[in-house]
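Student: no sequence for this one, just the structure:
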C-alpha cells in the first residue's frame, strides 16, 4: 500500500512539473486572437474564406485557389505559441512560424517553417515542413510515438517553442518534433487553409481557438528523448548532448580516424576544409587514391547521424561492423550506400535496385521515396540505427527507407545470394569500426555524430 502511495505521489509531482513547464507564468501570455474579429491578421496568397464564429477562427476551402494563409501583422522571433484546432478529416493544414512573404521570392509566396496538421492515415501532425522552400525537415517517421497524439474529430492542442535555433512541437501534450535550424530567425505566424484537388472537398473547414503567445520570460521545456534533426554543421545541441550524442568527427582535424588496415591517417586523398571531410576524386575505382578511413574505436549498438554531399556520378558508402579481418580494396562491413543513382552504373547492378542510394548495399534496396532524395550537390542527412536486439533502420532526410534484423533467417538468405556469401558470419560481429569509403569519386561528409546504445 505504501509503495502504491509513493508511486501515486511521484506521478502527481511529475504532472505538476510537466504542467509548470508547459504553462510557465500565466501573466506572460498574450492572446493573438481577440475572439471577435480578425484584427491583427491579414490574408496572403489564396482566397480561402476566413471568418469568426463562436470565438473561433474558421477557415473554409474554396476551389481553384492555392494555399491560403491568415498571417499575423506582427513578426515574432523567440516565442512559445499555444492554440487549439479542429479540422475536417479530408483536409491538410499547418501553422506557419517564423515565415516570410517577399516580392522577390516566388512573387510573394508564403514560405518558412510549418507545423503540420495531418488528419490522414499518414499521421504526421506535429511534424515540421519548410513551406515553399526545402520541404520536410522533420517527417514524423522520426518519432513514431507521436503519431497517435492527434485525434480526428476532436479539438487538438498544439504547443510550439521557438527559442534560439531550437524549434520544438507538442500535440496534446505529446512531444512531436525537434529541429535545430538557423535558416530564419524571425517572421510571421500564419494559419493555413490548404488548396483542394477535388470538387467535393469544397466548403470543408478547419477551426482555431484559444490562440496565445509568450515572448518574454521564456523557459524552454526540459530535454526529452525525442530525436533531433540538427542542420547546423558539426554542432551538437543541448538535447543531443542530453541523449548521449557526440561528434564522431570534430570538423577540424583527423583525430579519431585512421586508414583502413593502417595505423595512421592517409597522407593524400582526404581533405579537411571548411568543416567538411572530403575524399577527392581519382580514377573512380574502389580504393581510390587515399583509401577507406575507419574510426579508431569500435562500436556495437548505436545511432549514427551523418551529412553527405555527392558530386555527379559519385559512389561511396558508410560501413559499420568493420573488423578488418578480411583483406581487399575496400574493407568489408554492412554498408549504407551513397550513390548518384542516375549517373553511376552501380545503380543498375545487383538485384532489385539493392545498390542504389541508402540501400543496404547488395542486400536490401531502399524505399523509393522521391521526396527523400535531394538533387546531386545538395547536403543530405543519413541515419543508421543499430539496436541492441540486432534490428537496424536506415533513414534518408528523415524518411525511413530500410529496416532489417541482423542474423534473422531473411537476412541470412539475402547474404547467401549476395557478393558476401563467402564471408563467414558477414555483418554479425558484436562490434566493429565505422568506415567512410573512398571509391574514387569526390564525396563530402560533415556533422558525423554517434550515440552509443546499451
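Tutor: The structure has been received and is ready for your questions. Please read all numbers here as calculations on a predicted model, not as lab measurements.
Student: CA atoms for contacts and neighbours, from now on please.
Tutor: OK.
Student: Just the terminal-to-terminal distance for stretch 309-319.
Tutor: 16 Å (Cα to Cα, to the nearest Å).
Student: So for that stretch, mean pLDDT?
Tutor: Mean pLDDT, computed over stretch 309-319, is 97.
Student: can you list contacts of that stretch?
Tutor: Contacts to stretch 309-319, defined as Cα atoms under 8 Å, 6 or more residues apart in numbering, come from residues 332-344, 376-380, 434-445.
Student: Buried ones among the residues you listed?
Tutor: Buried members of those, counted by 16 or more other Cα atoms under 10 Å: 332-341, 376, 379-380, 434-445.
Student: follow-up on the earlier one: just the contacts of stretch 309-319: which are in helices?
Tutor: The subset of the contacts of stretch 309-319 located in helices under the criterion DSSP state H is empty.
Student: Just those residues: which are in strands?
Tutor: Judged by DSSP state E, the subset of the contacts of stretch 309-319 located in strands is 334-339, 380, 434-436, 443-445.
Student: Make CSV out of these and add distance to residue 357 and pLDDT.
Tutor: Formatted as CSV, these follow (distance: Cα to Cα, whole Å; pLDDT from 0 to 100):
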residue, distance to residue 357, pLDDT
334, 14, 98
335, 11, 98
336, 8, 98
337, 5, 98
338, 5, 98
339, 5, 97
380, 11, 98
434, 18, 98
435, 17, 98
436, 15, 98
443, 13, 98
444, 15, 98
445, 15, 98
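Student: Save the residues you listed as CSV, and put in distance to residue 95 too.
Tutor: Output for the ones in strands among the contacts of stretch 309-319, formatted as CSV (distance: Cα to Cα, whole Å):
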residue, distance to residue 95
334, 41
335, 38
336, 35
337, 36
338, 35
339, 36
380, 25
434, 40
435, 41
436, 39
443, 37
444, 35
445, 33
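Student: mind checking the SS state of residue 294?
Tutor: strand (DSSP: H, G, I helix; E, B strand; the rest coil).
Student: how much space between it and residue 419?
Tutor: The value you get for residue 294 to residue 419, if Cα to Cα is used, is 22 Å.
Student: any idea which helix or strand comes after the lowest-mean-pLDDT helix or strand in the chain?
Tutor: Least confident helix or strand, the chain: helix 2-23 with a mean of 40, by mean pLDDT, DSSP states H and E. Using DSSP states H and E, the helix or strand that follows helix 2-23 in sequence is strand 29-31.
Student: Direction included, what does that next one pair up with?
Tutor: If you go by DSSP bridges, strand 29-31 pairs up with strand 205-214 (antiparallel).
Student: and the strand it pairs with, what's its mean pLDDT?
Tutor: Strand 205-214 carries an average pLDDT of 98.
Student: The residue lying closest to residue 271 once chain neighbours are set aside: how many residues sit nearby?
Tutor: Distances taken as Cα to Cα, 6 or more residues apart in numbering place residue 278 nearest to residue 271, at 5.2 Å, with adjacent residues excluded. Residues contacting residue 278 under the criterion other Cα atoms under 10 Å number 20.
Student: Please identify which helix or strand holds residue 278.
Tutor: Per DSSP H and E: strand 276-279 holds residue 278.
Student: For that strand, which helices and strands make contact with it?
Tutor: On a contact count with 3 or more Cα pairs under 8 Å, 6 or more residues apart in numbering; DSSP states H and E, strand 276-279 meets strand 270-273, strand 443-452.
Student: Pull up the pairing partners for that strand, direction included.
Tutor: strand 270-273 (antiparallel), strand 443-452 (antiparallel).
Student: Arrange the ones you listed in TSV, one row each, with distance to residue 137 as further columns.
Tutor: Formatted as TSV, the strands paired with strand 276-279 follow (distance: least, Cα to Cα, whole Å):
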stretch	distance to residue 137
strand 270-273	26
strand 443-452	16
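Student: which stretch among the ones you listed comes nearest residue 29?
Tutor: Using Cα to Cα as the measure, strand 443-452 is the one of those that comes nearest residue 29, at 36.9 Å.
Student: Residues touching the strand holding residue 278, excluding its own?
Tutor: Contacts with strand 276-279, where a contact means Cα under 8 Å, 6+ apart, come from 251, 269-272, 290, 438, 440-446.
Student: Which parts of this structure are helices?
Tutor: Secondary structure of the chain (DSSP H): helices at 2-23, 238-243, 409-416.
Student: sorry, back to before: nearest to residue 205, out of the contacts of strand 276-279: which one, please.
Tutor: Minimum distance to residue 205 across these is 44.1 Å, recorded for residue 446 (Cα to Cα).
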